[in-house]
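[1] can't give you the sequence, but here's the structure:
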């Protein structure tokens with residue numbers, strides 16, 4: 001059960017991807033959800049776990065952050081940077097392999113393959129930009145979102161939709177892995 005939960009969290013915030021390697025040294029972080037000391041709370045329906053999961057944004061340097069959760073042990077969910085409505089993820093604090101995870105400037109139908117290494121396992125996923133400008137209500141409010149479909153295999157095949165906003169980052173993840181359906185929705189934030 002914990003593995004499925006970790007899968008959902010990893011996919012929610014930080015799949016390593018290889019859509020396109022780009023230089024980010026001159027980008028300024030202006031997204032409010034991505035700032036130092038931001039706390040995001042997500043209502044969860046995952047059985048056997050807390051009803052809410054807290055995420056904390058910790059600053060690594062002026063333009064990069066690390067997102068961690070509070071499931072008992074603080075594990076990195078992602079080493080992230082935002083630049084021009086794109087979220088980049090790296091596998092370590094060295095940021096030597098920054099890659100695009102999502103691109104809010106993309107077009108509906110854009111699709112790319114994501115290849116990651118996690119604990120000596122190669123994971124291949126497909127990410128598709130499914131819809132733009134979709135109004136979505138979650139416990140914390142109503143947001144205009146872009147929907148990304150994530151499909152892959154990590155112990156079990158999975159398919160999930162990630163709902164992302166320009167100013168508030170991810171606000172919902174809904175999907176299925178094996179016989180488990182899961183749903184995480186933004187319920188509180190400190191910005």
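    Perfect, I can see it now. What you see is a predicted model, and the numbers here were worked out from it, not measured in a lab.

[2] CA atoms for contacts and neighbours, from now on please.
    Will do.

[3] hey, where'd the strands end up in this protein?
    Under the criterion DSSP state E, the chain carries strands at the ranges 39-44, 52-61, 64-69, 76-83, 86-90, 99-103, 111-118, 121-138, 141-154, 156-165, 169-177, 180-189.

[4] I'd like those written out as JSON lines, with mean pLDDT, mean neighbour count and distance to residue 27 added.
    As requested, those are exported to JSON lines (pLDDT from 0 to 100; neighbours: other C-alpha atoms under 10 Å; distance: least, C-alpha to C-alpha, whole Å):
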{"stretch": "strand 39-44", "mean pLDDT": "90", "mean neighbour count": "21", "distance to residue 27": "23"}
{"stretch": "strand 52-61", "mean pLDDT": "84", "mean neighbour count": "18", "distance to residue 27": "13"}
{"stretch": "strand 64-69", "mean pLDDT": "82", "mean neighbour count": "22", "distance to residue 27": "10"}
{"stretch": "strand 76-83", "mean pLDDT": "72", "mean neighbour count": "23", "distance to residue 27": "6"}
{"stretch": "strand 86-90", "mean pLDDT": "79", "mean neighbour count": "23", "distance to residue 27": "11"}
{"stretch": "strand 99-103", "mean pLDDT": "82", "mean neighbour count": "24", "distance to residue 27": "14"}
{"stretch": "strand 111-118", "mean pLDDT": "74", "mean neighbour count": "16", "distance to residue 27": "23"}
{"stretch": "strand 121-138", "mean pLDDT": "90", "mean neighbour count": "16", "distance to residue 27": "23"}
{"stretch": "strand 141-154", "mean pLDDT": "92", "mean neighbour count": "19", "distance to residue 27": "22"}
{"stretch": "strand 156-165", "mean pLDDT": "91", "mean neighbour count": "20", "distance to residue 27": "19"}
{"stretch": "strand 169-177", "mean pLDDT": "90", "mean neighbour count": "21", "distance to residue 27": "17"}
{"stretch": "strand 180-189", "mean pLDDT": "90", "mean neighbour count": "18", "distance to residue 27": "25"}
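
[5] Among those strands, which comes closest to residue 30?
    strand 76-83 (8.3 Å; C-alpha to C-alpha).

[6] residues touching residue 139, list them.
    Listed by C-alpha atoms under 8 Å, 6 or more residues apart in numbering, the contact set of residue 139 reads 185-188.
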